[in-house]
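Novice: Provided below are the primary sequence and the corresponding predicted coordinates.
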Amino acid sequence: MGGPDRKRKINLDGNGDGDLSRKHQDALHARRSSEINPWTGRAYSQRYQSILQTRLQLPVYQFQSQLLEAVASNQTVVVEGETGSGKTTQIPQFLVEVGYAMPGKSCVACTQPRRVAATSIAARVAEEMDVTLGKTVGYTIRFEDVSDPNETVLKFLTDGMLLREAMNDPLLSRYSVIVLDEAHERTLATDVLMGLLMEVLPDRTRGSKYGELKVVVMSATLDAEKFRSYFNGAPLLKVPGRTYPVEVFYTAEPERNYVEAAVRTAIQIHKCEGPGDILVFLTGEQEIEQACEEIRLGAQDMGHDAPELVVYPLYSSLPPAQQKKIFTAAPGPRVVGGPPGRKVVVSTNIAETSLTIDGIVYVIDPGFSKQKVYNPRIRVESLLVSPISRASARQRSGRAGRTRPGKCFRLYTEQSFYNDLQETSYPEILRSKMSNVVLTLKKLGIDDLVHFDFMDPPAPETLMRALEVLNYLGALDDEGDMTDLGRQMAELPLDPQLSKMLICSPEYNCSEEIVSIVAAMSVPQIFLRPRENAKAADEAKAQFVDATSDHITLLNAYATYEGIPTSERKQWCWDNFINDRSISSAESVKKQLKGIMTRLDIPLVTCKGGNGRYDTNAIRMALTSAMYMQVAHLQRQGSYLTVKDNQIVYIHPSSSVDGKPQWVLFEEFALTSKNYIRTVTTTRGEWLVEMAPHYFDLDNFPECEAKDELILEYKKKMRRG
DNA sequence: GAGCACTGC
């Protein structure tokens, strides 16, 4: 890939292909001046006309003809647009209005990293175009397809969803334009899509079987230059935004305790600064709840003469009702004519991109967030509190200037901002395990991973690990080619280990149970444990506990939930400290997985006996058959040692596994006060040597207690024959 | 005997 033949002509001055775009412009004017909406054949509504007036005020309108000309004469165009430019809602419309899409024939796609964005933008654009949502304009997200293959000309979808579609249609044949929005966020799916587009574009030129494919990459930051050079010098269009200036302050000295410093700053702002709400960025639930408490206490100390201060926590696991509270207006003055009250929102990164709160004038940024990191040596992802990037810091301060000029207090020195912080965060693809990505790429027909054009190529060791894991699981053969099993695994929206587990579960007669477990594992934490009700929550969980397995404990809770009548479920969840949002999305996942299982001819069988009890051995064997690469062995000192990479780990205190079994398999690593393994199931050496002799190959095994144990197991196996 | 940033299929 690459090379001079892929360079595209840059043309922004109206020469050459500009004629094409002028034709487009004429078409556009004809449509606008008509009274009839060409998409519906009906007259435009009054509402359409009034919305149109506001749309015409958006900065992006100044760039309409430039953009259309650039798209007409180039296959790829990069747009750098700040918040408030209107690029997300207008640019896709410009493209369909000038005829890039034809009902039933071709479609313009616009990708978003998040579901809410895809659905809400689609609804907004349908309104702006005066058409029915789900017809001319639609959206597709997991579990929900509101689009019509015969009518939809503009479709908003999550980047992950487009990647799924590509797996069955690698040339993206139904699309004439793909707009990749929020590309600067560099989600795993966006990065894979960009690499795929690099492969596909040469096969989708004018005159090719499915016609020319255009790509518009939209980014909010200075990173645009990087996108431009990645796409072989595609033209770059800069669209200004509409935001207010934000004054930035730094501390003179580094802060030792950023939570305490953030609390102090919030109180200080309340005392000394003019009206306006405060947004504080912290890293997690614990910190946030603590800070909220301390800010409330600090405000109390100011006495009743000071204006009122209300404090709201914000993080994703907070119930939606509590999340919504952040949008309530700040309290008014305590006395008529007095200074107004103030609102403080203490939030995780969720307020950096996913959620926008109006009225924020002050931002407090300690400069940290929790980030996923991947360690290829021990093959696990974990969360670590890490310094943010300068791009993130700018994004955070920008949150203060959405409604009027604001102030941002960075709790680190200016020198630190320029010298210690990285310009941009590592994209997700450099912080994740690659086994699923590699399987996806193979399914997309990309065989040469080494030369695949990633914008930021993952470390070779990470790719090697992924290939190795997929080979152990039987998804790739020794030549690295996809097996039938691998093709089946790629169909499932799961991590390869879980896919393999599900596909093999009928052999252990428990696919019904495994599909529930897998669904419950793919959603956020189902068991709640609020600090103030910890004991009651533990008691509630105790009724589901299986002393050999957290996975079976999860199954017990999920299966009980399924048996509760729908109308009583919410109450039941509340009474039993179960996260109802989580468990009900587990139900959607299970439904989706069962649909795919039917399609793949994977039988649904249960290990539940006549007595209503599960054959828990069967379930644990099915778990072992796919999870044998994440196994730890008990040491004499009472800790565990992970097999092969010899990490000292401890079973997490929340585990229901009892009595320190000799062998355990585990789902995840949590590096907190100790190296904990979480979601644990007891397994047996006998099963390991039986199911995975290729992995537990003693010739390549470090000397340890586990090895001695395995030698005994192999001897027993020999005797059994 | 302790604490899951955020998405997505």
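Specialist: Perfect, I can see it now.
Novice: Every contact and neighbour count from this point should use C-alpha atoms.
Specialist: Will do.
Novice: From the chain's centroid, how far away is whichever helix or strand A:T679 is part of?
Specialist: Applying DSSP states H and E as the criterion places A:T679 in strand A:675-683. Its chain's C-alpha centre and that of strand A:675-683 lie 25 Å apart, by C-alpha atoms, centre = their mean, to the nearest Å.
Novice: Check stretch A:51-60 too.
Specialist: 31 Å.
Novice: Tell me the gap between the helix or strand following the strand holding A:T679 and the middle of its chain.
Specialist: Downstream of strand A:675-683, the first helix or strand assigned by DSSP H and E is helix A:685-691. Relative to its chain's centre, helix A:685-691 lies at 36 Å (C-alpha atoms, centre = their mean).
Novice: buried residues in helix A:685-691?
Specialist: Neighbour counts over helix A:685-691 (16 or more other C-alpha atoms under 10 Å) mark A:G685, A:W687, A:L688, A:V689, A:M691 as buried.
Novice: before we move on, the earlier item: so which bits of the strand holding A:T679 are buried?
Specialist: A:Y676, A:I677, A:R678, A:T679, A:V680, A:T681, A:T682, A:T683.
Novice: returning to what we had before: nearest to A:I378, out of the buried residues of helix A:685-691: which one, please.
Specialist: Sorting the buried residues of helix A:685-691 by distance to A:I378 puts A:L688 at the head of the list, at 18.9 Å, by C-alpha to C-alpha.
Novice: what's that closest one in contact with, if anything?
Specialist: A:T624, A:S625, A:Y628, A:F696 (C-alpha atoms under 8 Å, 6 or more residues apart in numbering).
Novice: cool, and A:G337?
Specialist: A:G337 touches nothing, counting by C-alpha under 8 Å, 6+ apart.
Novice: what about it, which SS state?
Specialist: Put simply, A:G337 is coil when judged by DSSP: H, G, I helix; E, B strand; the rest coil.
Novice: separation between it and DNA strand B?
Specialist: 38 Å (C-alpha to the nearest atom of the strand, to the nearest Å).
Novice: what's the pLDDT at A:R379?
Specialist: Looking at A:R379, its pLDDT reads 68.
Novice: Measure how buried the residue of the stretch 401-550 of chain A at minimum distance from DNA strand B is and give me the count.
Specialist: Nearest residue of the stretch 401-550 of chain A to DNA strand B: A:P493, at 3.1 Å (C-alpha to the nearest atom of the strand). Around A:P493 there are 17 other residues, counting by other C-alpha atoms under 10 Å.
Novice: got it, and A:S673?
Specialist: Neighbour count of A:S673, defined by other C-alpha under 10 Å: 6.
Novice: Equivalent analysis for A:V361, please.
Specialist: Look at A:V361: counted by other C-alpha under 10 Å, it has 24 neighbours.
Novice: that older thread, make JSON lines from the buried residues of strand A:675-683 and add pLDDT and distance to A:E80 to it.
Specialist: Listed next are these as JSON lines, based on pLDDT from 0 to 100; distance: C-alpha to C-alpha, whole Å:
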{"residue": "A:Y676", "pLDDT": "88", "distance to A:E80": "43"}
{"residue": "A:I677", "pLDDT": "89", "distance to A:E80": "43"}
{"residue": "A:R678", "pLDDT": "89", "distance to A:E80": "42"}
{"residue": "A:T679", "pLDDT": "92", "distance to A:E80": "43"}
{"residue": "A:V680", "pLDDT": "94", "distance to A:E80": "46"}
{"residue": "A:T681", "pLDDT": "96", "distance to A:E80": "49"}
{"residue": "A:T682", "pLDDT": "96", "distance to A:E80": "52"}
{"residue": "A:T683", "pLDDT": "96", "distance to A:E80": "53"}
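Novice: ok, which of those also contact DNA strand B?
Specialist: Checked against DNA strand B using C-alpha under 7 Å from any atom of the strand, those yield no neighbours at all.
Novice: for DNA strand B, what are the nearby residues on the stretch 501-650 of chain A?
Specialist: A:S522, A:P524, A:Q525, A:I526, A:F527, A:L528, A:R529, A:P530, A:R531, A:A534.
Novice: from those residues, which has minimum pLDDT?
Specialist: A:R531 (74).
Novice: Distance check, that residue against A:V336.
Specialist: Separation of A:R531 from A:V336 (C-alpha to C-alpha, to the nearest Å): 39 Å.
Novice: do the same with A:G276
Specialist: A:G276 is 18 Å from A:V336, by C-alpha to C-alpha.
Novice: which of these two has more neighbours?
Specialist: Using other C-alpha under 10 Å as the criterion, A:G276 and A:V336 rank with A:G276 on top: 20 against 8.
Novice: Skipping adjacent residues, who's closest to that one in space?
Specialist: Nearest non-adjacent residue to A:G276, counting by C-alpha to C-alpha, 6 or more residues apart in numbering: A:V361, 5.1 Å away.
Novice: any idea which element that neighbour lies in?
Specialist: Judged by DSSP H and E, A:V361 forms part of strand A:360-365.
Novice: ok, then the element right after that strand?
Specialist: strand A:368-375.
Novice: Output the buried residues of helix A:685-691 in TSV; the columns should cover pLDDT and distance to DNA strand B.
Specialist: Converted to TSV, these look like this (pLDDT from 0 to 100; distance: C-alpha to the nearest atom of the strand, whole Å):
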residue	pLDDT	distance to DNA strand B
A:G685	94	26
A:W687	96	28
A:L688	95	27
A:V689	93	30
A:M691	94	26
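Novice: Now do the strands for the stretch 551-700 of chain A: every range, in order, please.
Specialist: Applying DSSP state E, counting those that start in this stretch to the stretch 551-700 of chain A gives strands spanning A:631-634, A:640-642, A:648-651, A:663-671, A:675-683.
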